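Undergrad: Okay, predicted coordinates and the sequence, questions at the end:
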Amino acid sequence: MPPEGPAGLTRPHSWRRPDAWRNRGPEGGFRLKSPAPLTTEGLRPRGPPWSSTGVPQDNKGEARGFASGKLSVLRKHPYFADLEPEAFDQLCRYAKHVTLKRGTAIASKGDPGTSLFAVISGTVKISVSSPDGRNAILNLIGPGEIFGEVALLDGLSRTADVTANTNCELFIIDRRDFIPFVRSQPALAMKFIELLCTRLRRTSDQVEQVILQNLPGRLASALLRLTERHKEAQGERTIAITQQELSEMVGMTRESINKQLRVWAGRSWVRLEHGAIVVLKPEPLQALVEAGSDDDG
């Protein structure tokens, strides 16, 4: 009987790296044991709906065809957009495609940082929890964004838990592939320095909001931050998030969140939908953020 890969994946004997997957951890997450390049062609899910598809590495025509589809997510990302075609083809050959169901644990705090992730579709939740069961959501990562770069670059452990917040698709690039690739692309290294600085500034802003702003300001800031990726769009901006998730982002109870959102809905600033919030008027929300703790919303 062929050995198994992660979450019940049957691993054919022809798979190039039979030792690439470690056993799943107690949280249901996964780790890549060996960061060397691998292909996962022919993997078939058996059990939970989780699949992995390797980018063809021996047929450049097939690799480009794959890249022109879902791998275009990498090409559109500002950190990879300026790569030369040959360098981008090389990056594509490192990418491994996985599909995940909502609730799947991707990584746990303390796991080795062996991979970089790019979101193709769906949403990934970055969170931490306390021993008494309280949760805090640090970020929601959407299509076209990357995550896992901190532990990837310094080689230390993951700083938070990572979960599929919806059904989603990801690309995974292994650290031992990516680090030499970055060293060969100095401009890309600078892009990642910019990314880390952006993340640090965002974290500082979040800490400032929790300490200095009242609930309306913190909630307004969170809504605007979640709509940043749609800032070019005019009119309505829909955020696929529950009120419980919002409460874990801003550090307030769900009841307080619901009460404030209903006040704003009455003013036609937002519209409440099942599992989503539609921002109708971002301007008054921005005014609350700028007012700090002096406005009661």
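TA: Everything's here; your move. On a predicted model such as this, the values are computed, not experimentally measured, just so you know.
Undergrad: how far away is Phe171 from Leu116?
TA: Distance, Phe171 to Leu116, by C-beta to C-beta, to the nearest Å: 9 Å. For glycine as for every other residue, the C-beta is placed from the backbone atoms N, C-alpha and C.
Undergrad: Then Leu188?
TA: Applying C-beta to C-beta to Leu188 and Leu116 gives a distance of 12 Å.
Undergrad: Kindly report the same for Leu196.
TA: Here Leu196 is placed at a distance of 13 Å from Leu116 (C-beta to C-beta).
Undergrad: Between the two, point out the one with more neighbours.
TA: Leu116 (24 against 14; other C-beta atoms under 10 Å).
Undergrad: Can you tell me the SS state at the more buried one?
TA: Secondary structure for Leu116, judged by DSSP: H, G, I helix; E, B strand; the rest coil, is strand.
Undergrad: Tell me who's in contact with it.
TA: 146, 148-149, 152, 172-173, 175, 178 (C-beta atoms under 8 Å, 6 or more residues apart in numbering).
Undergrad: how about Ile241, what does it touch?
TA: 140, 226, 275-277.
Undergrad: Please repeat the previous calculation with a cut-off of 7 Å.
TA: 140, 226, 276-277 (C-beta atoms under 7 Å, 6 or more residues apart in numbering).
Undergrad: Can you check my assumption that it lies in a helix?
TA: No. Assigned with three-state DSSP, Ile241 falls outside any helix and is coil.
Undergrad: Return the distance of it relative to Ala287.
TA: Relative to Ala287, and taking C-beta to C-beta, Ile241 is found at 22 Å.
Undergrad: Check Pro216 too.
TA: For Pro216, the distance to Ala287 - C-beta to C-beta - is 10 Å.
Undergrad: More neighbours: the two, which one.
TA: Using other C-beta under 10 Å, the more surrounded residue of Pro216 and Ala287 is Pro216, with 19 against 12.
Undergrad: What about the contacts of Leu116, which one has the most neighbours?
TA: Gly148 (26 neighbours).
Undergrad: Grab the nearest non-local neighbour of it.
TA: Distances taken as C-beta to C-beta, 6 or more residues apart in numbering put Phe117 closest to Gly148, at 4.7 Å, once the chain neighbours are dropped.
Undergrad: Now the element after the worst-scoring helix or strand of the chain on mean pLDDT, going C-ward?
TA: One helix or strand of the chain scores below all others by mean pLDDT, DSSP states H and E: helix 60-67, with a mean of 41. Using DSSP states H and E, the next helix or strand after helix 60-67 towards the C-terminus is helix 72-76.
Undergrad: And that following helix, what does it pack against?
TA: Counting contacts by 3 or more C-beta pairs under 7 Å, 6 or more residues apart in numbering; DSSP states H and E, helix 72-76 packs against strand 115-121.
Undergrad: Rounded mean pLDDT for the helix or strand following the strand it packs on, please.
TA: Next along the chain after strand 115-121, taking DSSP H and E as the criterion, comes strand 124-129. Taken as a whole, strand 124-129 has a mean pLDDT of 92.
Undergrad: residues making contact with strand 124-129?
TA: 106, 109, 135-141, 147, 160-165, 168.
Undergrad: Which of the residues you listed fall in strands?
TA: 106, 135-141, 147, 161-164, 168 (DSSP state E).
Undergrad: among the residues you listed, which ones are buried?
TA: The neighbour-count criterion (16 or more other C-beta atoms under 10 Å) marks 106, 136-141, 147, 161-164, 168 among the ones in strands among the contacts of strand 124-129 as buried.
Undergrad: which one of those residues is nearest Val263?
TA: Within these, the smallest distance to Val263 is 22.5 Å, found for Ile137 (C-beta to C-beta).
Undergrad: Verify the stated contact: that closest one with Met249.
TA: Yes. Ile137 lies in contact with Met249 (C-beta atoms under 7 Å); the separation is 4.6 Å.
Undergrad: Now do the same for Val210: its pLDDT.
TA: Model confidence at Val210 (pLDDT) stands at 68.
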